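*Asks:* The following comprises the amino acid sequence and a computationally predicted model.
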Amino acid sequence: MANLIVVSGPQAVGKMTVAEALRDKLRYHMMMNHDSIELSDRIFGFGTPAQKEFNGAIRESAFALAAKYNVDLIFTFVCAFDMPEDVAYLRALEAQFTESGGTFYFVELSAALETRLFRNETPHRMEMKPTKRNTEWSKRDILDTAERYKLNTDAGETLFAHHLKIDNTRLSPDEVADRVIEAFGLVPNERKDGE
């Protein structure tokens with residue numbers, strides 16, 4: 001029985017740092033969306049058909065193994081809620097983990113655009129996400145996708161049985177993680193580091 005926590009929200013909203021805080025507090029394992037993006041980009045080049053297919057294959061394999069071996073997992077994801085394929089992808093993950101006896105938790109972060117633009121250039125983001133080091137490109141990407149896609153659900157809209165929305169404009173990652181743990185009644189795993 002493996003649980004999956006998906007931390008979603010627009011680019012540079014703080015998904016990675018919140019996921020890291022949850023990982024440390026809950027002793028879950030973690031895969032951020034950029035783990036598979038950076039590896040597949042390094043091998044095949046960003047945006048190529050091979051890169052996209054390999055990116056998907058890495059994630060599919062990781063989720064299957066987590067469910068098979070009862071590994072609680074945290075995953076970060078940018079969802080365009082106006083794109084049916086993105087929502088269908090999340091629903092498939094929900095089904096995969098609930099059907100294997102686990103629970104699917106969805107954490108949706110939002111923050112002011114100015115805050116996201118500031119976070120886009122933080123040293124930790126630059127260190128962990130090489131494809132974001134071209135900050136002019138990533139800034140344009142943030143502004144462009146904010147115009148083109150619905151990256152947060154509407155007020156009062158929930159899509160999943162366990163769906164928590166948090167505006168983390170003025171909250172630290174630890175504060176957000178504590179709210180998630182309290183809202184969902186999550187209990188830290190007993191595993192030691194390295195297990």
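*Replies:* Received it, and whenever you're ready, just let me know what you need.

*Asks:* Pick out the residue closest to the middle of this structure.
*Replies:* Centroid-nearest residue in the chain, with C-alpha atoms, centre = their mean: Thr76, separated by 1.1 Å.

*Asks:* Give the rounded mean pLDDT of the helix or strand hosting that residue.
*Replies:* Thr76 belongs to strand 73-77 when elements are defined using DSSP states H and E. In this model, strand 73-77 carries a mean pLDDT of 98.

*Asks:* neighbouring strands for that strand, and are they parallel or not?
*Replies:* strand 4-8 (parallel), strand 29-31 (parallel) (DSSP bridges).

*Asks:* Surely Trp16 touches Asp35?
*Replies:* Quick fix: residue 16 reads Met, not Trp. No - in this structure, Met16 is not within contact of Asp35 by C-beta atoms under 8 Å, at 10.1 Å. For every residue, glycine as well, the C-beta is placed using N, CA and C.

*Asks:* Same drill for these two, tell me which one is more crowded.
*Replies:* Met16 (21 against 18; other C-beta atoms under 10 Å).

*Asks:* Surely Ser8 touches Tyr105?
*Replies:* No - contact criterion C-beta under 8 Å: Ser8 and Tyr105 do not qualify, at 10.9 Å.

*Asks:* Least confident secondary structure element in this protein?
*Replies:* The helix or strand of the chain with the poorest confidence is helix 123-128; it has a mean of 74 (mean pLDDT, DSSP states H and E).

*Asks:* same for the helix or strand just after that one, what does it pack against?
*Replies:* Per DSSP H and E, helix 123-128 leads on to helix 135-148 as the next helix or strand towards the C-terminus. Counting contacts by 3 or more C-beta pairs under 8 Å, 6 or more residues apart in numbering; DSSP states H and E, helix 135-148 packs against helix 113-119.

*Asks:* Kindly recompute the last result at 10 Å.
*Replies:* Applying 3 or more C-beta pairs under 10 Å, 6 or more residues apart in numbering; DSSP states H and E, we find helix 135-148 packed against helix 113-119, helix 123-128.

*Asks:* Centre of the chain to the helix or strand just after that helix, how far?
*Replies:* Using DSSP H and E, the helix or strand that follows helix 135-148 in sequence is strand 163-167. Relative to its chain's centre, strand 163-167 lies at 13 Å (C-alpha atoms, centre = their mean, to the nearest Å).

*Asks:* buried set for the helix or strand just after strand 163-167?
*Replies:* Proceeding N to C from strand 163-167, the next assigned helix or strand is helix 173-184, under DSSP H and E. Applying a neighbour-count criterion of 16 or more other C-beta atoms under 10 Å, one finds Pro173, Val176, Ala177, Arg179, Val180, Ile181, Phe184 buried in helix 173-184.

*Asks:* Show me how far stretch 5-18 is from its chain's centre.
*Replies:* That offset, for stretch 5-18, works out to 5 Å (C-alpha atoms, centre = their mean).

*Asks:* End to end on it, go ahead and measure it.
*Replies:* Distance between the two ends of stretch 5-18: 11 Å, counting by C-alpha to C-alpha, to the nearest Å.
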